[in-house]
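> Here is a sequence together with a model predicted from it:
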Amino acid sequence: MTRAKSGLLFCSLLVACGPAQTTTTPPAPTASATATTGAPEPAVAFDLLAPWTGPYDGVPPWDHTEDTAAFRPAFDAAIDKWLAEVKAIANSSEPATFDNTVAALDLSGRPLDRVSTLFFTLASSRNTPAVQKLTGVVRPKMSKAQDEVFFDTKLFERITKVYEARESLKPQQKRLVEKTYEDFVRRGAKLTPDQQKRMGEINARLATLFTDFGNRVQADEDSTVKLTEKDLAGLPKALVGVYEAAAKERKLEGYAVVNTRSAVDPFLTFSANRALREKVWRAFVDRGDHGDANDTNEIITRIVALRAERAKLLGYASHAHWRMSDTMAKDPQKAMKLMNEVWPVAKKRVREEVADMQRLAKKLGDDITIEPWDYRYYMEKVRKERFDLDQNEIKQYFVLDNIVQASYYMAERLYGYGFKEITGTVPTFHPDQRVFEVVNKADGSHVGLLYRDDFARQYKRSGAWMNTSRSPYAAGGGSTPIVTNNNNFTKGKAGEPVLISLDDASTLFHEFGHALHYLSMKVEYPSLTETPRDFVEFPSQVHENWVLTADVLDKFARHYETKKPMPKELIDKVMKARTFNQGFATVEYLSAALVDMALHTDPNGKVDPDAFEKATTKQLGMPREIVLRHRLPQFNHLFTSDAYSAGYYSYLWSDVMAADAWLAFEEKGDPWHPATAAAFIKHILSTGNATDRNEAYRAFRGRDPKVQALLKNRGFL
Ligand SMILES: [Zn+2]
């Protein structure tokens, strides 16, 4: 079943996943990567549907993707091709078998996969106005085509026949049949024609509303708070440079704090001007909630109502029940149970953090009560006072290239992978991209390709994420994985090393963990590479732990000038400060996850978003000094696609497993413990979704995950 399996995005809880946000950045001066030779244009246009050619079983033809307009007819042709393939399967005169129905369906639509992969990668990494515009056209088309397949009665009859006889199949075949059958039911295969018509309308309507929501939030994020020389008190020099560049880019005088998290958070951390902090904070937390043309409240009301109607149509108690039916948690109650275990202890920690800040504010002679716009500012002061830790000092030991090598070292030592850089023979869509062949070190055999796209630039979305260009599976001649790690580091001057923060290093390992997951999969069928939403972050989160292991620090965290390792006192300080501020971080995240779940378990789906948010946070006893990490009017995770709706809890769910799996290494007293690493890749990474994920965890750990490790890691025990 093809839903553009390739091109999946996985990212951090900071940014929304799913189809890329559109942006309203002004067009760049023409910078065409082609047309430099003066050679005549080829008469025949490049075929975006064709199988990829070149080394490593073929590589993405990034050198033929400059012409955005070409994607439009390519999508139309690819969708037609796919629907024709599916019709042929549905109308076959042969009796339905696993091979001619379920496997054939899973392997169908390769041309559409190829076009989607290229296009949706661009929609994240080179999202020019032309790409943005086309995204708005493509998404409803894809939604309509998928519905046509899910609503095909003849096809579903054949799938049902195979499903009913599934006991005689091999385990992965049985798994695929069950997954396919359940997907079809979930997507409306059992509805009456009238109900299907309504569901199709709902899906189409949602596809448009999702795009509209993303556009409005993006537009609000393009606004700025302007600063003059006298407003810079407390701001580090490098940050002032960022605000100056932002003003220049927008042809403004002075300095500009753009209304995005990456610009706002450091301002709230360092600005000594309390009134300005409040102004910047208010602009940020009210994105999408200004009652103007970019206000999203009405869109949310409509999305939530449509989702509730769809869930009812399908016989589910709520949208959350529908959305979660293919997750590990399975239903909202299980997710709520976990969140309710963590929520009170995190809130308790916030009380302590606020008391610390209040005490320090008094000591500094600041006669204030801590407000939300003060939190980051005084938190940073407490950090300095308590741990004497200077972020800039740590940075000098984290050279980007070394940290990349450190991640490869981890993969070699844990799983026996080797990484060989490929230059010149594989096309890229930007000169900053680097390509590595991943091999099994023992015999040199090919594993897959890893692309890196580490630097920020215009038209690239913010944050960090991994995307897949090709999934690994064995059926139908087989396919080897191609993945990309994306970051947004600031490129230094030519010849100067790029220094990153400790948080950045963790993020790099996180995205690399997603990559390792895909590179390690050994499954038969394409759909078995798709793991549940609340499992996906587990392989990425667990790998963050290796950054601060003694071997990695000693070998790779070397001072950019002296090449000396981090002094022991500095490492000790870093270790001591690890659980600092976890009350804030957990409450900020968890409150958003709890509101998401409350919103999507309401069976009626009639909401006024602002009033709902207020009532729910009041009921939760939300500390008054913190707001949701994403307030509803700007919650891209929930309202730019269905993917993370009723799913923001997933980060916590995955993190329980990540903390508990890391504990498995700690219990052995060795982060490189060979047998534990071997069990991890065998049961967790390589199995994709070929087995039940709860069972896979038990096979690795001998028991279910326990929440204690997570509570300990966050300093709550
Ligand atoms: Zn992630």
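Perfect, I can see it now. Because the structure is predicted, anything quoted here is derived from the model rather than measured. Numbering: from 1, shown residues only.

> Let me know the secondary structure of residue 442.
coil (DSSP: H, G, I helix; E, B strand; the rest coil).

> Counting neighbours, what do you get for the closest residue to the ion within the stretch 151-300 of the chain?
Using Cβ to the ion, the single residue of the stretch 151-300 of the chain nearest to the ion is residue 261, 16.3 Å away. Using the backbone N, CA and C atoms, a C-beta is placed for each residue, glycine as well. Number of residues near residue 261 (other Cβ atoms under 10 Å) recorded here: 16.

> ok, it to residue 57 distance?
According to Cβ to Cβ, to the nearest Å, residue 261 and residue 57 sit 39 Å apart.

> Give the rounded mean pLDDT of stretch 391-403.
Taken as a whole, stretch 391-403 has an average pLDDT of 92.

> nope, stretch 473-484 is what I was after
On average, stretch 473-484 scores 96.

> Can you get me the start-to-end distance on it?
18 Å (Cα to Cα, to the nearest Å).

> again, but for stretch 121-139
14 Å.

> what distance separates that stretch from the centre of its chain?
Chain-centre distance of stretch 121-139: 18 Å, with Cα atoms, centre = their mean, to the nearest Å.

> mind listing what's buried in that stretch?
In terms of neighbour count (16 or more other Cβ atoms under 10 Å), stretch 121-139 has its buried residues at 121-129, 131-132, 134-136, 138-139.

> just stretch 487-501 next, same as before
Within stretch 487-501, the residues that qualify as buried are 487, 488, 489, 498, 499, 500, counting by 16+ other Cβ under 10 Å.

> These also near the ion: which ones?
Among the buried residues of stretch 487-501, no residue is within reach of the ion (Cβ under 5 Å from the ion).

> farthest-separated two in these?
Using Cβ to Cβ, the two most remote members of the buried residues of stretch 487-501 are 488 and 499, lying 14.7 Å apart.

> follow-up on the earlier one: go through the buried residues of stretch 487-501 and name the one nearest the ion.
When these are compared against the ion (criterion: Cβ to the ion), the nearest one is residue 487, at 12.2 Å.

> Can you find the helix or strand of this protein with the lowest average pLDDT?
Of all helical and strand segments in the chain, the minimum by mean pLDDT, DSSP states H and E falls on strand 9-11, at a mean of 45.

> and the helix or strand that it is followed by, how far out from the chain's middle?
Note on strand 9-11: by DSSP states H and E, the next helix or strand toward the C-terminus is helix 71-90. Relative to its parent chain, helix 71-90 has a centroid offset of 28 Å by Cα atoms, centre = their mean.

> Make 2 the starting number, not 1.
Happy to do that; since the first residue is 2 now, the last one works out to helix 72-91.

> what's helix 72-91 packed up against?
helix 105-107, helix 111-126, helix 130-151, helix 154-165 (3 or more Cβ pairs under 8 Å, 6 or more residues apart in numbering; DSSP states H and E).

> Would you mind pulling up the elements that the first one packs against?
Spelled out, it's helix 105-107. In terms of contacts (3+ Cβ pairs under 8 Å, 6+ apart), helix 105-107 is packed against helix 72-91, helix 172-187.

> Can I get the ones you listed in TSV including distance to residue 610 and mean neighbour count?
As requested, the helices and strands packed on helix 105-107 are arranged in TSV below (distance: least, Cβ to Cβ, whole Å; neighbours: other Cβ atoms under 10 Å):
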stretch	distance to residue 610	mean neighbour count
helix 72-91	33	18
helix 172-187	26	19
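
> Please tell me the pLDDT value assigned to the residue lying closest to residue 157 once chain neighbours are set aside.
Distances taken as Cβ to Cβ, 6 or more residues apart in numbering place residue 190 nearest to residue 157, at 4.4 Å, with adjacent residues excluded. Looking at residue 190, its pLDDT stands at 98.

> Likewise for residue 122?
For residue 122, pLDDT reads 94.

> For it, give me its contacts.
8, 61, 430, 468, 470, 485 (Cβ atoms under 8 Å, 6 or more residues apart in numbering).

> which two in those residues are spaced the farthest apart?
Once Cβ to Cβ is applied, those give 8 and 430 as the farthest pair, at 13.9 Å.

> neighbour count winner among those two?
Taking neighbours as other Cβ under 10 Å, residue 8 and residue 430 compare with residue 8 leading, 23 against 20.

> Model confidence at the residue in the chain that the ion sits nearest to, what's the number?
Distances between the chain and the ion by Cβ to the ion are smallest at residue 541, namely 4.2 Å. Predicted confidence (pLDDT) for residue 541: 97.

> So which elements touch whatever helix or strand it lives in?
Using DSSP H and E, the element containing residue 541 is helix 534-544. If you count contacts as 3+ Cβ pairs under 8 Å, 6+ apart, helix 534-544 packs onto strand 10-12, helix 503-521, helix 651-668.

> In the helix or strand just after it, which residues are buried?
Toward the C-terminus, helix 534-544 is succeeded by helix 551-557 as the next helix or strand (DSSP H and E). Buried residues in helix 551-557, defined by neighbour count with 16+ other Cβ under 10 Å: 553, 554, 557.

> Tell me which residues are up against helix 551-557.
403, 404, 406, 407, 410, 411, 547, 566, 567, 572, 672, 673.

> Who wins on neighbours among the residues you listed?
residue 411 leads the contacts of helix 551-557 on contacts (other Cβ under 10 Å) with 26 neighbours.

> tell me the pLDDT at it?
Residue 411 is given a pLDDT of 98.

> Okay, and it sits in which element?
According to DSSP H and E, residue 411 maps onto helix 401-416.

> The helix or strand following that helix: how far from the chain's middle?
Using DSSP H and E, the helix or strand that follows helix 401-416 towards the C-terminus is strand 418-423. How far strand 418-423 lies from its chain's middle: 25 Å, per Cα atoms, centre = their mean.

> swap in stretch 686-693?
Centre to centre, stretch against its chain (Cα atoms, centre = their mean), the figure for stretch 686-693 is 20 Å.

> Endpoint to endpoint, it covers what distance?
Where stretch 686-693 begins and where it ends lie 13 Å apart, using Cα to Cα.

> re the thing from before, distance to the ion added to the contacts of helix 551-557, as a markdown table?
Converted to a markdown table, the contacts of helix 551-557 look like this (distance: Cβ to the ion, whole Å):
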| residue | distance to the ion |
| --- | --- |
| 403 | 22 |
| 404 | 17 |
| 406 | 21 |
| 407 | 19 |
| 410 | 21 |
| 411 | 17 |
| 547 | 16 |
| 566 | 29 |
| 567 | 26 |
| 572 | 26 |
| 672 | 21 |
| 673 | 23 |
